[in-house]
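K.L.:
Fold the following and give me the result.
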Amino acid sequence: MNIQEIYQKNKKNIFFSENKDIQIHREKLINVFITDRFDKKSNESLKNINLKNFFDFKYKYLLPEETSVINNNQDSSYSIVSVNGQCASFKDDKIEITKISDKDYNDFSKNNTIEKNDHFVNLNSLFLNSGFKIIIKKNNNIKIKISNIVTDDDLTIFQKNNFICEEGSSLSLIEEYENKNNSTSNILNVIKLEKKSSLNHFLIQDNSSNHNLVITSHSSCKKESFYNQRVYNFSDGYVRNFHFSELLEINSEADLQGIFFLKDNNTSNNKTFVKHFAEDCKSNQVYKGILKDRAKATYFSNTHVDQVAQKTEGYQLSKGILLSDNASYFSKPELKIYADDVKCSHGSTIGPIDENAIFYLRSRGMSKNAATKILISSFINEELSSIDDEQMSELIQKKLIRYLSKVK
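P.N.:
Below is the predicted model of the structure:
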């Protein structure tokens, strides 16, 4: 069954199927799939994936029997359990949570920052069946933890979430993806930061080998706003992290960083892309990976500096450690600079663990296994030590110890 047939069979269960504008947009997306040849060489969104798993699938979605849980804690924090991409409505003097609307969908469909040939984003728009919007009200400082739960095997979750930080607000957001069933989650986060707002965004990914996670984000930053994203991928299943940010007004900043830990035959695709559209803005893109066995990964990093974006600072860095001869990590940095007063750079270092360092530690009485674990911990120490949240730091450390316990 092809994409068009799957859509026609299930469109009554898809969000906004009665909206004429959205119908027209989806027909255009279907035509893209009909005419596309799925050339992996020319399309970054298709690298290292099994096309059959994602584009010849059985659509299945179940509304959860139990509604999601929202707890308002005493320390100005909120705990949310999102079930199959659904979240209950909630409102107080600090935040407002609602189901996404057709207006939210149309706003995104007109956005040009994410490439139109990203087939996973197109699938999300075509089969959208869940999602919510969270607004952080003006001048509030809060913390939200979202646990994303998938209830059954063989579900196809197509979820779109909107996060809006109003002027002067500050949000610390933790998203957990820890599912052990045989399902696929395709999630799109759209993030808007108004003037002088900030968002510290942590994504913890720890799914089983049968669960596929495709997560894409698009953040837009207004004057003096700051988007800080940290991705920690410990999953045994396939994960795609594609994250885009645009700096729209002066003194805005985006910092996109990630660490992935791969083993067995697992694969992961990663991409960050920052567009500078204003003066005096900063961006930082850093991804690090540790790969063993036959694991494979890619990382594409892009910085675009518009001609009006003078005094830009943009940095890209990719580092990888290969713990076996059969592991592979492909990195491709790219800079497109149309302004003349900028500070931009990129770098990439990928290779086996430093044998001289291993020899030095072994000469001090360590086993090779212990020495390897010490060097891996040192490799990512800077990123882990920068975590301000004590609970978050402890959680990441526990997952790291679990990964290292399987390194020989």
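K.L.:
and the residue positioned nearest the centre of the chain, bridged to which residues?
P.N.:
The structure's the chain has its C-alpha centroid closest to N241; by C-alpha atoms, centre = their mean the separation is 4.2 Å. According to DSSP bridges, the partner residues bridging N241 are I215, N270.
K.L.:
so it touches Q229, yeah?
P.N.:
No - shown here, N241 and Q229 do not form a contact pair, counting by C-beta atoms under 8 Å, at 9.6 Å. C-beta coordinates here come from the backbone N, C-alpha and C atoms, glycine included.
K.L.:
what touches both of these two?
P.N.:
Residues touching both N241 and Q229 comprise L203, G258, with contact defined as C-beta atoms under 8 Å, 6 or more residues apart in numbering.
K.L.:
Could I get the contacting residues of Y232?
P.N.:
Under the criterion of C-beta under 8 Å, 6+ apart, the contact list for Y232 reads F202, L203, I204, Q205, G258, I259, I396, K399.
K.L.:
now, which of the residues you listed sits nearest F57?
P.N.:
Of all those, Q205 has the smallest distance to F57: 20.7 Å, by C-beta to C-beta.
K.L.:
burial count for the closest one?
P.N.:
Neighbour count for Q205, taken as other C-beta atoms under 10 Å: 25.
K.L.:
now swap in L317 and tell me
P.N.:
18.
K.L.:
ok, now D21?
P.N.:
The number of residues near D21, taken as other C-beta under 10 Å, comes to 12.
K.L.:
Which helix or which strand is home to it?
P.N.:
Remark: D21 resides in helix 20-35, with elements defined by DSSP states H and E.
K.L.:
now for that helix, which elements pack on it?
P.N.:
For helix 20-35, the helices and strands in contact under the criterion 3 or more C-beta pairs under 8 Å, 6 or more residues apart in numbering; DSSP states H and E are helix 3-10, helix 102-109, helix 119-126.
K.L.:
Run the angle between the last one and helix 3-10 for me.
P.N.:
Put plainly, it is helix 119-126. Interaxial angle, helix 119-126 versus helix 3-10 (axes from the mean of the first three to the mean of the last three C-alpha atoms, to 10 degrees): 30 degrees.
K.L.:
circling back to that earlier point, can I get the contacts of Y232 in TSV including secondary structure?
P.N.:
Written out in TSV, the entries for those read as follows (DSSP: H, G, I helix; E, B strand; the rest coil):
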residue	secondary structure
F202	strand
L203	strand
I204	strand
Q205	strand
G258	strand
I259	strand
I396	helix
K399	helix
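K.L.:
Mark which of those residues are buried, thanks.
P.N.:
Burial by neighbour count, judged by 16 or more other C-beta atoms under 10 Å, picks out F202, L203, I204, Q205, G258, I259, I396, K399 from the contacts of Y232.
K.L.:
any chance of these in CSV, with pLDDT and distance to F277 too?
P.N.:
Supplementary listing: those in CSV, determined by pLDDT from 0 to 100; distance: C-beta to C-beta, whole Å:
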residue, pLDDT, distance to F277
F202, 95, 26
L203, 97, 25
I204, 96, 31
Q205, 97, 30
G258, 96, 24
I259, 96, 29
I396, 88, 33
K399, 89, 37
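K.L.:
Max pairwise distance over those residues: which two?
P.N.:
Looking at the buried ones among the contacts of Y232 by C-beta to C-beta, the two members farthest from one another are G258 and K399, with 14.2 Å of separation.
K.L.:
got the contact list for the helix holding D21?
P.N.:
Around helix 20-35, the neighbours that count as contacts under C-beta under 8 Å, 6+ apart are 2-4, 7, 16-17, 55, 102, 105-106, 109, 116-117, 119, 122, 125-126.
K.L.:
you'd agree Y315 is in a strand?
P.N.:
Yes - if the criterion is three-state DSSP, then Y315 is within a strand.
K.L.:
how many neighbours does the closest residue in space to it that isn't next to it in sequence have?
P.N.:
By the measure of C-beta to C-beta, 6 or more residues apart in numbering, the closest residue to Y315 outside its immediate chain neighbours is N284, 5.1 Å from it. By other C-beta under 10 Å, 18 other residues sit near N284.
K.L.:
before we move on, what about G168?
P.N.:
Other residues near G168 number 18, with proximity taken as other C-beta under 10 Å.
K.L.:
where's it relative to L335, distance?
P.N.:
Separation of G168 from L335 (C-beta to C-beta, to the nearest Å): 33 Å.
K.L.:
Next: F108.
P.N.:
Look at F108 and L335: by C-beta to C-beta, they are 27 Å apart.
K.L.:
Then N200?
P.N.:
Look at N200 and L335: by C-beta to C-beta, they are 26 Å apart.
K.L.:
Same check on Y177?
P.N.:
Note on Y177: its distance to L335, by C-beta to C-beta, is 31 Å.
K.L.:
Of those two, which one has the most company?
P.N.:
Taking other C-beta under 10 Å, Y177 and L335 do not tie; Y177 has more neighbours (22 against 15).
K.L.:
who does that one bridge with?
P.N.:
For Y177, the beta-bridge partners are N148, Q205 (DSSP bridges).
K.L.:
cool, E246 as well?
P.N.:
In beta-bridge terms (that is, DSSP bridges), E246 pairs with S220, K275.
K.L.:
how close does it get to H218?
P.N.:
As judged by C-beta to C-beta, E246 and H218 stand 8 Å apart.
K.L.:
Can you verify S318 is assigned to a helix?
P.N.:
No - counting by three-state DSSP, S318 is not part of a helix but strand.
K.L.:
my guess is it meets E334, correct?
P.N.:
No - judged on C-beta under 8 Å, S318 makes no contact with E334 at a distance of 11.5 Å.
K.L.:
which one of these two has more residues nearby?
P.N.:
Of the pair S318 and E334, S318 is the one with more neighbours under other C-beta under 10 Å, namely 24 against 12.
K.L.:
which residues does that one contact?
P.N.:
For S318, the set of contacting residues under the criterion of C-beta under 8 Å, 6+ apart consists of V286, Y287, K288, Y299, S301, S331, P333, G347, S348, T349, I350.
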